[in-house]
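Asks: Show me how the following folds:
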Amino acid sequence: MTELGIEGALAPRALVNTPPRKRAKGRPVWEEPPTKAGQFGKGTVIAVVLAVVLVPLYCVVLTSLSTQGAINRAGGLVLVPHGLTFDAYRQVFENSTVTRALEVTFGITIVGTAISMLVSVLCAYGLSRYRSFGHRTILMTLIITMFVSGGLIPTFIVVSELGGYDQYWALILPNAVSVFNILVLRSFFAGTAVDLIDAARLDGAGEWRILWSVVLPTSRAVTAVITLFYAVGYWNTFFGAMLYMPADQQKWPIQYVLYQYVNLGMTMPGVANSGYGGIHQQSSPLSLSMAVVVLTVLPIVIVYPFVQKHFAKGMLTGAIKG
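Replies: Predicted coordinates:
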């Protein structure tokens, strides 16, 4: 009997008759092949998560497009479309308070994000250079502020005494810098290839040139993520408006307008009777509130897909290098 025949005779029957399980293309060698139960469980979890996220959004959008009769039949948020109309959105855009709030929020978000990124990038780059002046003392001071703060009342007094009451800058400067974001940027900047920086210095580049031409181009992922964090924070701000400009509706951001209409039950002017195209319509307060919610969420939903490809890479790399 040959050597192959001996091995075949001594091998267990199950191993001889069982065909090898194919490994999916692209799956690492050390990972086991997926089982049907595992795939079914993963699919079920993903479906549940999608339902939890998408069903409320679906109800909000559908309610904003529904008439008063459809909302009355549903007893609240609408699940089945019936009598769809854009009257709520027309009335929202005709309301000067909402349109002005959108303009204010866009302005605060753009200006605030630019200021926050400028300060954070410069601070993080300086702290990432270990020979910079006082970098250890400044770093420890920043870390202490993450756990110890003056509190709400002292902050309100300082901002008011500096003339920030009823001013737009009170919605930007008090929260312009996040120490956590600075630390993430610092850890990423510190891991930039030293050879590239040394080569730039040999070519005569200064610190500004190195930051702009070497460090930032190699840190697009983390800067995109931090920019998204700052932009979402400014877009969602409403507590600052509640503190520093509660009376002037023309200076309210959209989130504070949403808080007034949804949580406090304020009624938009002209809700009871409003006509479009010569037809007498009656807009529901709930559909108007949901229309404001949709307008509030829509910009973030539009921007996020363009940043999502950098999101996981930026946060994961910053966390590992930290």
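
Asks: SS state for the closest residue to residue 100 other than its chain neighbours?
Replies: Spatial nearest neighbour of residue 100, excluding adjacent residues (Cβ to Cβ, 6 or more residues apart in numbering): residue 250 at 5.5 Å. C-beta coordinates here come from the backbone N, C-alpha and C atoms, glycine included. Recorded secondary structure, residue 250: helix (DSSP: H, G, I helix; E, B strand; the rest coil).

Asks: In space, what's closest to residue 102 - neighbours in sequence excluded?
Replies: Here the residue nearest residue 102, using Cβ to Cβ, 6+ apart, is residue 254, at 5.4 Å.

Asks: Oh, that last question was meant for residue 172, not what I typed.
Replies: In space, residue 172 is closest to residue 112, 4.2 Å off (Cβ to Cβ, 6+ apart).

Asks: count of residues packed around residue 102?
Replies: The number of residues packed near residue 102 is 19, by other Cβ atoms under 10 Å.

Asks: how far does the helix or strand containing it sit from the chain's center?
Replies: Using DSSP states H and E, residue 102 sits in helix 96-128. Centroid separation for helix 96-128 versus its chain: 14 Å, with Cα atoms, centre = their mean, to the nearest Å.

Asks: before we move on, what about stretch 162-174?
Replies: Put simply, stretch 162-174 sits 24 Å off its chain's centre (Cα atoms, centre = their mean).

Asks: Could I get the buried residue list for it?
Replies: In terms of neighbour count (16 or more other Cβ atoms under 10 Å), stretch 162-174 has its buried residues at 164, 167-174.

Asks: Which one among these sits at the bottom for pLDDT?
Replies: In terms of pLDDT, the lowest of the buried residues of stretch 162-174 is residue 164, showing 84.

Asks: Am I right that that residue sits in a strand?
Replies: No. Counting by three-state DSSP, residue 164 falls outside a strand, being coil.

Asks: Any stretches of the stretch 101-250 of the chain with poor pLDDT?
Replies: Within the stretch 101-250 of the chain, the ranges that satisfy pLDDT under 70 run 193.
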